[in-house]
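Engineer: This is the structure alone, sequence omitted:
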């Protein structure tokens, strides 16, 4: 009996050797490349317990200012429009005053702060009154990310807790931030409380009202074997992973596992893996539909060991070899007799046919 590869030993408590062989998928090099298979090494690491919430990006209340004129008049020049970025003290609007003068005095209205023009209510020639709001300027260099935390989870969350914040609209890696404070009151209708974060926006990618997804890191444990969630296949009742065979190239064993806690990135593996196992992540979903693969277990083992195996992958025993030789030795005389009879019959039929065709 041949020794099992290490990858088969890692799931020995869940798969028998026969079951492990039956669950081995062997591909050729082109198949591995087409499926884009990549693996990770199962190693003990820190596992984080998390709580999930959704929310939105908002501008701080103090970030917006209004441009207006203390003196009535008429707009004669407008230098900034919606979506323009302006700097503090930049001249934005010039107003011709109604005060006496020839020509009338010109009043330059300057930006009270740096920021983005988010609203404009002024046009050239428009009458200007002190009560008019001409431009709205918002400073978006720092925005708020406001999480709507379910009240059932709020007890696990405190100011100072870290969270991974994903913004689907901009993609990329999650933003790691620390919660500053809770909101001032709960939302009775949705059953949530607000958790408030401040996010730098130096590149200007964030915009108010964007959807945000929050993963609060509420606890952590060390020396836990865990895998990226993409590695886990099957269903909730019967989860499986694909372990790279340590002996055969391009071979993967479909192995059942027992899972524990999950977070937004990883799943805890309680049983079914040993440290050092190479587990398929990218391509695991496609591999689950690959059937038996493109190469049989017998072909793979024959190529790896340089001698023949049985169809189930086991070694050919001495008894099998003796039986095959005996069968061959018994078959040889019978085969010779059969060949002689067949040859004689062919000659007889040929002679009869020749005589029939040539009566002379």
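Structural biologist: Noted; the coordinates are in hand. The model shown is predicted, which means the values in this text are computed figures rather than measured ones.

Engineer: State the paired neighbours of whichever strand or helix holds residue 108 in the sheet, together with their directions.
Structural biologist: Assessed by DSSP states H and E, residue 108 sits inside strand 106-110. Strands that pair with strand 106-110, judged by DSSP bridges, come out as strand 91-97 (antiparallel).

Engineer: Now the strand it pairs with: average pLDDT?
Structural biologist: Average pLDDT, strand 91-97: 95.

Engineer: same question, stretch 348-360
Structural biologist: 69.

Engineer: and if you look at stretch 224-244?
Structural biologist: Here the average pLDDT along stretch 224-244 is 93.

Engineer: what residue ranges in the stretch 51-200 of the chain score low on pLDDT?
Structural biologist: Within the stretch 51-200 of the chain, not a single segment meets pLDDT under 70.

Engineer: In it, what residue spans correspond to strands?
Structural biologist: Ranges of strands within the stretch 51-200 of the chain are 64-67, 73-78, 85-86, 91-97, 106-110, 115-120, 127-128, 135-138, 142-150, 162-166, 175-178, 181-182, 192-200, based on DSSP state E, counting those that start in this stretch.

Engineer: Out of the ones you listed, which gets nearest to residue 247?
Structural biologist: Proximity to residue 247 (Cβ to Cβ) singles out strand 162-166 among the strands of the stretch 51-200 of the chain, at 38.9 Å. Every C-beta, even on glycine, is put in place using the N, C-alpha and C of the backbone.

Engineer: before we move on, the earlier item: chain center to the strand holding residue 108, what's the gap?
Structural biologist: How far strand 106-110 lies from its chain's middle: 54 Å, per Cα atoms, centre = their mean, to the nearest Å.

Engineer: Okay, and the beta partners of the residue nearest to residue 146 when sequence neighbours are not counted?
Structural biologist: Distances taken as Cβ to Cβ, 6 or more residues apart in numbering put residue 55 closest to residue 146, at 4.9 Å, once the chain neighbours are dropped. Under DSSP bridges, the beta-bridge partners of residue 55 are residue 147, residue 212.

Engineer: who touches residue 55 in this structure?
Structural biologist: The contact partners of residue 55, taken as Cβ atoms under 8 Å, 6 or more residues apart in numbering, are 145, 146, 147, 148, 194, 195, 211, 212, 213, 214.

Engineer: Among the residues you listed, name the buried ones.
Structural biologist: Neighbour counting with 16 or more other Cβ atoms under 10 Å marks 145, 146, 147, 148, 194, 195, 212, 213, 214 as buried within the contacts of residue 55.

Engineer: Pull the number of nearby residues for the residue nearest to the first one when sequence neighbours are not counted.
Structural biologist: In this structure, residue 145 finds its nearest non-sequential neighbour in residue 197, 4.2 Å apart by Cβ to Cβ, 6+ apart. When counting by other Cβ atoms under 10 Å, one arrives at 22 neighbours for residue 197.

Engineer: swap in residue 172?
Structural biologist: Residue 172 - counted by other Cβ under 10 Å - has 8 other residues nearby.

Engineer: With residue 199 instead?
Structural biologist: Residue 199, neighbours per other Cβ under 10 Å, totals 15.

Engineer: try residue 203
Structural biologist: Residue 203 has 7 nearby residues by other Cβ under 10 Å.

Engineer: do the same with residue 143
Structural biologist: Residue 143, neighbours per other Cβ under 10 Å, totals 22.

Engineer: before we move on, what about the one 10 residues further on?
Structural biologist: Number of residues near residue 153 (other Cβ under 10 Å) recorded here: 15.
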